[in-house]
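> from the sequence below, what's the structure:
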Amino acid sequence: MARKRDQADREALTALWERRWPGTEPVGWELGRDERDAWVRFHSLPESKRYPDDEREYAIVLERHNTVLDELFAGTEVYVMVPRWSDRPSAPRMNRDTRHWRTWLRADDTDPELSFYCHVFVERRRWQRGGLDRLLRRVADDIEGGVIIAGTGLRRLYHPYDGGADVYLATAEERDRLKERHAEWLSPYPSGM
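All right, here's what the predicted structure looks like:
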């Protein structure tokens, strides 16, 4: 019974993803900023510094991530999507709360030896400030990559990366309000990068 429910949940999530994010895979850097009107990038440290050097700077990184995540998801459930890569089509093991969602082959047309499988794992959980600090710290250290934290309707996506976060919102107006509240965390470049 549980296996059938898991399969149905995966199928429903896949259908929702394909409806909301057509033509993209659920890995952070695959989302495509250029064609999205409601995208903004925040830097996780002052002066666009990429990596924290000490606990004081880690505290800044986590505070910025948690502040925006609170504004997006306070009082709601979220999906936490974490990709893993391997040379095998079978999914590697993850922790007990995380379920395998989908796998695809990332083929390299120029060199088949560079092809690999991407496995995305997902956990549905109630958003709680500080509840993902360990994961966010691993992202800041470039140990984890491609992570997406999403509302259950997949209208708002948060992609932390080593150096900041890309935030995808439902409307340009919502993006503008978020940018105004955290203007000091924006890139100084016109591209927003």
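
> tell me which residue is most central in this protein.
Geometric centre of the chain, nearest residue: residue 148, 1.7 Å, by C-alpha atoms, centre = their mean.

> state the distance from that residue to residue 122.
9 Å (C-beta to C-beta, to the nearest Å). C-beta: built from backbone N, CA, C; applies to glycine.

> find residues that contact each of those two.
The contact sets of residue 148 and residue 122 overlap at 79-81 (C-beta atoms under 8 Å, 6 or more residues apart in numbering).

> what residues does the closest residue to residue 130 other than its chain neighbours make contact with?
In space, and not counting its chain neighbours, residue 130 is closest to residue 66: 6.3 Å by C-beta to C-beta, 6 or more residues apart in numbering. Neighbour list for residue 66: 129-130, 133, 136 [criterion: C-beta under 8 Å, 6+ apart].

> out of those, which is most surrounded?
The most crowded member of these, judged by other C-beta atoms under 10 Å, is residue 136 (24 neighbours).

> might one say that that one is in contact with residue 59?
No: here residue 136 does not reach residue 59: they are 11.7 Å apart, not a contact under C-beta atoms under 8 Å.

> average pLDDT for the helix or strand where the residue nearest to residue 130 lies?
Take DSSP states H and E as the rule and residue 66 turns out to sit in helix 55-73. Per-residue pLDDT over helix 55-73 has a mean of 97.

> how far does it sit from the chain's center?
Distance of helix 55-73 from its chain centroid, counting by C-alpha atoms, centre = their mean, to the nearest Å, is 14 Å.

> for the helix or strand just after that helix, C-alpha coordinates in CSV please.
Later in the chain than helix 55-73, the nearest helix or strand by DSSP H and E is strand 77-86. Provided in CSV are the C-alpha atoms of strand 77-86 (Å, rounded to 0.1, in the frame of the first residue of the first chain):
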residue,chain,number,x,y,z
GLU,A,77,5.0,22.7,3.9
VAL,A,78,7.9,22.6,1.4
TYR,A,79,9.6,20.2,-0.9
VAL,A,80,13.3,19.9,-0.4
MET,A,81,14.8,18.6,-3.7
VAL,A,82,18.4,17.3,-3.6
PRO,A,83,20.1,15.9,-6.7
ARG,A,84,22.8,13.2,-6.8
TRP,A,85,24.9,12.1,-9.8
SER,A,86,26.3,8.7,-10.6
